[in-house]
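Enquirer: predicted model and sequence follow; I will ask about them next.
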Amino acid sequence: MTQFPISTDLVAEHNNGDRPALDEDYAALSARLARKGMNIDSIKDQVKDFGVAVPSWGAGRGGTRFAKFPLAGEPTNIHEKLEDCAVIHQLGQATPRVSPHFPWDCVDDYGALREEAADLGLGFDAVNSNTFQDQVGQAQTYATGSLASTVPATREQAVAHNIDCIEIGRKLGSESLTVWVGDGTNFPGQQDLGSSFDRYVEAASQIYAALPDDWTMMLEHKMFEPAFYSSIISDWGSSLMAAQELGEKAKCLVDLGHHAPNVNIEQIVARLNRAGKLGGFHFNDSKYGDDDLDSGSINPHQLFLVFNELVEAANKSDGPFNPSYMIDQSHNVTDPIESMISSSETIAGCYAKALLVDRDALHAAQHDNDVMLAFRTLRAAYSTDVAPILAMARAENGGAIDWLGVYRKSQYRERKAQERKAVGLGAGIV
Ligand code: AFD
Ligand code: MN
Ligand code: MN
């Protein structure tokens, strides 16, 4: 029996009140889609099956390099983070898995942690290693790099940590390791740009050798920060080169915030898919750089265009098409639970809109070079208000139609503020 953190009676009571209006809106949209030959229930069923993982570190208030403003009742350990992630999934019904980060989420007994999550209705997604920070008592520093360090003992330590993460992940039921390193330089001339990439690939191949056969090793590129002159895996080209050298089980992970401004990310998605190297996503949004803002809050159209490529790729794929979907955001000014339910709804909404694209019409217009008709075909789907589909999918899965209203009414955070120990000040994790 799943232990739901929010009263199921409260959810049911709210849903009963909200259901008549939802039924009306759903029927109206159903009629509108039916005129175009589309079946709303089939779209809704695909949305019901859609899942995006949440990052354990996203459950706490993020911070900037300048400050962190703690929230009363925010989680301070993996157990409390799981409880908050259970709220997100209970109300939103789109986030069944949690992606943990080590050593931040280290515990003594991972079998017990897996059960604890299962009791809350959650599973584990990709495990993340951390060689971008030093830990107390660590033998080698990562100040000048980890997998690409010039110091052999540092590279060995970074490799060993990643292999530890794989071992932990096996116990948690995870099937992938995400590797993002902060390695790079701040000064021209600081490191040789060619041989540092060689060192990275050589060290990464040792991690790859320890990967179980049914696992994926996801390489996450990032243009800048913490290194401000050069980053070792700075872009999808470097990521693709490394993934191709490592082998079949190595794939590229696209964090939407890790590109130069205005880069055409949907085209990167199409390219990586063509190369068979599209591993997955870290969804977030940005205005200026790696801002880790809520998914679709700044540029929802870009998110839709990414999903348009994903639906296109899924339709064309011979075998199973299942890149891993994860949120990676830093919540500096909101309650992280609210941000992650809102983001998962936005992401599922972009997926629903991409499913609404009249593919035959789009392909015909593309074939005929009818530019305006092709554009309007995409725009028609993007302009459709899919809120009734999302709310109905949520309700049928046992979530809350008005998730924000239910969450606020539940006073969950206020209760946690009484129970949990306060978080300290200081700069946050970005
Ligand atoms: C980084 C990356 C990466 C990493 C995270 C840690 O996006 O996914 O694990 O932040 O906070 O910028
Ligand atoms: Mn990321
Ligand atoms: Mn990031």
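Expert: Nice, I can see it. Small disclaimer: the values here were computed from a predicted structure and weren't measured. Ligands and ions are numbered 1, 2, ... in the order given.
Enquirer: rest of the way, CA atoms for contacts and neighbours
Expert: OK.
Enquirer: wait, P5 touches I88, no?
Expert: No: when contacts are counted by C-alpha atoms under 8 Å, P5 is not listed as touching I88 (9.8 Å).
Enquirer: those two: which is more packed in?
Expert: More neighbours surround I88 than the other of P5 and I88, with 28 against 17 (other C-alpha atoms under 10 Å).
Enquirer: against E312, how distant is that one?
Expert: Distance, I88 to E312, by C-alpha to C-alpha, to the nearest Å: 29 Å.
Enquirer: and the residue of the chain positioned farthest from its centre, how far is that from L177?
Expert: Ranked by distance from the centre of the chain (C-alpha atoms, centre = their mean), the top residue is D368, with 36.8 Å. As for D368, its distance to L177 is 43 Å (criterion: C-alpha to C-alpha).
Enquirer: now do the SS call for the spatially most central residue of the chain.
Expert: With distances taken as C-alpha atoms, centre = their mean, M326 lies nearest the centre of the chain, 1.8 Å away. The local conformation at M326, judged by DSSP: H, G, I helix; E, B strand; the rest coil, is strand.
Enquirer: start the count at 878, not 1, going forward
Expert: Got it, the first residue is 878 from now on, which makes the last one we talked about M1203.
Enquirer: may I have the beta-bridge partners of it?
Expert: Note on M1203: beta-bridge partners A930, H1159, judged by DSSP bridges.
Enquirer: local confidence estimate at it?
Expert: The confidence metric pLDDT takes the value 98 at M1203.
Enquirer: verify the contact between it and F1160 for me.
Expert: Yes: counting by C-alpha under 8 Å, M1203 does reach F1160; the two are 6.0 Å apart.
Enquirer: could I get the buried residue list for the helix ranked longest in the chain?
Expert: The longest helix of the chain (DSSP state H) is helix 885-912. The neighbour-count check on helix 885-912 (16 or more other C-alpha atoms under 10 Å) flags V888, A889, H891, N892, R896, L899, Y903, L906, S907 as buried.
Enquirer: reformat the residues you listed as JSON lines; add pLDDT and distance to ligand 1.
Expert: Formatted as JSON lines, the buried residues of helix 885-912 follow (pLDDT from 0 to 100; distance: C-alpha to the nearest ligand atom, whole Å):
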{"residue": "V888", "pLDDT": "98", "distance to ligand 1": "32"}
{"residue": "A889", "pLDDT": "98", "distance to ligand 1": "36"}
{"residue": "H891", "pLDDT": "98", "distance to ligand 1": "35"}
{"residue": "N892", "pLDDT": "98", "distance to ligand 1": "35"}
{"residue": "R896", "pLDDT": "98", "distance to ligand 1": "38"}
{"residue": "L899", "pLDDT": "98", "distance to ligand 1": "37"}
{"residue": "Y903", "pLDDT": "99", "distance to ligand 1": "37"}
{"residue": "L906", "pLDDT": "98", "distance to ligand 1": "37"}
{"residue": "S907", "pLDDT": "98", "distance to ligand 1": "38"}
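Enquirer: so which of the residues you listed comes closest to D1212?
Expert: Closest approach to D1212 among the buried residues of helix 885-912 (C-alpha to C-alpha): V888, at 19.5 Å.
Enquirer: show me the contacts for the closest one.
Expert: Residues in contact with V888 (C-alpha atoms under 8 Å, 6 or more residues apart in numbering) are L968, G1276, A1277, V1283.
Enquirer: would you mind giving these as JSON lines with pLDDT added?
Expert: Formatted as JSON lines, the contacts of V888 follow (pLDDT from 0 to 100):
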{"residue": "L968", "pLDDT": "98"}
{"residue": "G1276", "pLDDT": "98"}
{"residue": "A1277", "pLDDT": "98"}
{"residue": "V1283", "pLDDT": "98"}
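Enquirer: those: which two are farthest apart?
Expert: The largest separation in those, counting by C-alpha to C-alpha, is between G1276 and V1283 at 10.0 Å.
Enquirer: what number of residues are in the vicinity of the residue lying closest to H1208 once chain neighbours are set aside?
Expert: The shortest distance from H1208 to any non-neighbouring residue, by C-alpha to C-alpha, 6 or more residues apart in numbering, is to G939 (5.0 Å). By the criterion of other C-alpha under 10 Å, G939 has 24 neighbours.
Enquirer: now do G939, the pLDDT please.
Expert: For G939, the model assigns a pLDDT of 89.
Enquirer: let me know the secondary structure of it.
Expert: Secondary structure, three-state DSSP: G939 is coil.
Enquirer: gap between it and P952?
Expert: G939 sits 12 Å away from P952, taking C-alpha to C-alpha as the criterion.
Enquirer: do G914 as well
Expert: 47 Å.
Enquirer: between the two, tell me which one has more neighbours.
Expert: P952 (24 against 10).
Enquirer: wait, that one touches R1297, no?
Expert: Yes: if you go by C-alpha under 8 Å, P952 and R1297 touch, sitting 7.3 Å apart.
Enquirer: surely the residue nearest to H1208 touches D1205?
Expert: No: the criterion here is C-alpha under 8 Å, and G939 misses it with D1205 at 10.9 Å.
Enquirer: mind listing the strands for the chain?
Expert: With strands called from DSSP state E, the chain shows them at 931-932, 974-976, 1000-1001, 1004-1005, 1053-1056, 1061-1062, 1093-1097, 1107-1108, 1127-1132, 1155-1160, 1201-1204.
Enquirer: which of the ones you listed is buried the deepest?
Expert: Scoring these by mean neighbour count under mean count of other C-alpha atoms under 10 Å gives strand 931-932 as the most buried, with a mean of 29.
Enquirer: what about stretch 969-981 and ligand 1, touching?
Expert: No: Stretch 969-981 lies out of reach of ligand 1 by C-alpha under 6 Å from any ligand atom, never closer than 7.1 Å.
Enquirer: reformat the strands of the chain as a markdown table; add distance to M1269.
Expert: Output for those, formatted as a markdown table (distance: least, C-alpha to C-alpha, whole Å):
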| stretch | distance to M1269 |
| --- | --- |
| strand 931-932 | 22 |
| strand 974-976 | 21 |
| strand 1000-1001 | 24 |
| strand 1004-1005 | 32 |
| strand 1053-1056 | 32 |
| strand 1061-1062 | 47 |
| strand 1093-1097 | 33 |
| strand 1107-1108 | 44 |
| strand 1127-1132 | 29 |
| strand 1155-1160 | 23 |
| strand 1201-1204 | 22 |
